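Asker: quick one: sequence plus predicted model below, questions after.
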Amino acid sequence: MLAVSLKIPADIRQDMAAKAKECRLGLNISQKELAERSGVSLGSVKRFESSGQVSLSSLLEIALVLGRLGDFEALFASRDQPASLFGSEPKKRKRGGRRVR
């Protein structure tokens, strides 16, 4: 059965930021060192950890330094069942054929 999350994107951003900070502290890396090693500005690192706001590129660079880049590889992996809150399968789109005159 498919698990459905009831969190909104803002909740997930905050959770990711808290986990990244926890990981950084566990590795005994300062925000400044993380910024230097990842190539992400110190301001962006601070903003990410406080609000969860960061660009995707910066997030991936931070994840690389923290040893968590692999967590993103399965993000959009295909599933056997489509995710749906209502249980119905989406209709497959039919491509329009080229009309011959």
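Answerer: Yes, it's here.

Asker: just the buried residues of the helix or strand residue 43 falls within, please?
Answerer: Using DSSP states H and E, the element containing residue 43 is helix 42-51. Within helix 42-51, the residues that qualify as buried by neighbour count (16 or more other Cβ atoms under 10 Å) are 44-45, 48-49. Where you see a C-beta, it was placed from the backbone N, CA and C, and this is true even at glycine.

Asker: do the same with stretch 62-70
Answerer: 62-63, 65-66.

Asker: and the helix holding residue 43, what other elements does it pack with?
Answerer: helix 9-26, helix 31-38, helix 56-65 (3 or more Cβ pairs under 8 Å, 6 or more residues apart in numbering; DSSP states H and E).

Asker: any idea of the mean pLDDT in stretch 72-85?
Answerer: Stretch 72-85 shows a mean pLDDT of 73.

Asker: kindly apply the preceding question to stretch 42-53 instead.
Answerer: 97.

Asker: chain center to it: distance?
Answerer: 15 Å (Cα atoms, centre = their mean, to the nearest Å).

Asker: what residues does that stretch touch?
Answerer: 10, 12-17, 20-21, 24, 31-32, 34-35, 38, 54-55, 58-59, 62 (Cβ atoms under 8 Å, 6 or more residues apart in numbering).

Asker: ok, stretch 64-77 next?
Answerer: For stretch 64-77, using Cβ under 8 Å, 6+ apart, the contacting residues are 20, 23-24, 27, 29, 34, 37-38, 60, 63.

Asker: what do you get if the cut-off is 10 Å, keeping everything else the same?
Answerer: 16, 19-24, 26-27, 29, 33-40, 56, 59-63 (Cβ atoms under 10 Å, 6 or more residues apart in numbering).
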